[in-house]
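S.K.: only geometry, no sequence info:
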């Protein structure tokens, strides 16, 4: 796949760099990159112990990026105690990365309901059956729980009260474009009181 374009830097048109995030994501989809929405999400406890895992980005707009999860999971508990996070997206075939950092807030019930209803039936049942991040005595008990919730909700599956979305509102965004000889093009955008400040970083 071609690695077209460069990181949008200080000489690029001014505006919200989240527009560039969306443009890069849409190009990754158009180029056929497998699971272009896959991203590493880092959270931390109040005393600074970090943890990281892969999530799926389920929306990018002028506010930030959205993802959904069990809010009683480890990441949900950490975001409840320390509502800040960092996301890294890596599209290896395009030699591109994006890093976003900033505060994280829960999405509204309306937004969480709308996305939950769009999920496949089996995924909605799994949200009820799995107590994410808790110790599981055996896998068969998880399978039994799915069957039990399938009998309870044969058609319409409501959203569990502990399951919902989050919005990361970035105050820092970095675009990384691979270049020969490891002279990669890195541009960082940092939010300020009067908009966004842009700087090019050494690779």
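M.R.: The structure has been received and is ready for your questions. Since the model is a prediction, treat every value here as computed from it, not as a measurement.
S.K.: now the residue of the chain positioned farthest from its centre: how far from residue 117?
M.R.: With CA atoms, centre = their mean as the measure, the chain has its most outlying C-alpha, relative to the mean C-alpha position, at residue 151: 32.1 Å. Residue 151 sits at a distance of 20 Å from residue 117 (criterion: CB to CB, to the nearest Å). C-betas here are computed from N, CA, C, even on glycine.
S.K.: do the same with residue 77
M.R.: Look at residue 77 and residue 117: by CB to CB, they are 25 Å apart.
S.K.: ditto for residue 34
M.R.: For residue 34, the distance to residue 117 under the criterion CB to CB works out to 26 Å.
S.K.: compare the two (neighbour count), which wins?
M.R.: Looking at residue 34 and residue 117 with other CB atoms under 10 Å, you find the greater number of neighbours at residue 117, namely 12 against 9.
S.K.: could you report the neighbour count for the spatially closest residue to that one that is not a sequence neighbour?
M.R.: With CB to CB, 6 or more residues apart in numbering as the criterion, residue 117 has its nearest non-adjacent residue at 7.8 Å, and that residue is residue 159. Neighbouring residues of residue 159 were enumerated by other CB under 10 Å; the total is 19.
S.K.: for residue 142, same thing?
M.R.: The burial metric for residue 142, expressed as a neighbour count using other CB under 10 Å, is 14.
S.K.: give me the mean pLDDT for the one helix or strand it maps to.
M.R.: Secondary-structure assignment from DSSP states H and E places residue 142 in helix 139-152. On average, the pLDDT along helix 139-152 is 97.
S.K.: return the list of strands paired to the helix or strand just after it, each annotated with direction.
M.R.: Scanning forward in sequence from helix 139-152 by DSSP H and E, the next helix or strand is strand 163-168. Strands adjacent to strand 163-168 in the sheet, as given by DSSP bridges, are strand 65-70 (antiparallel), strand 96-106 (antiparallel).
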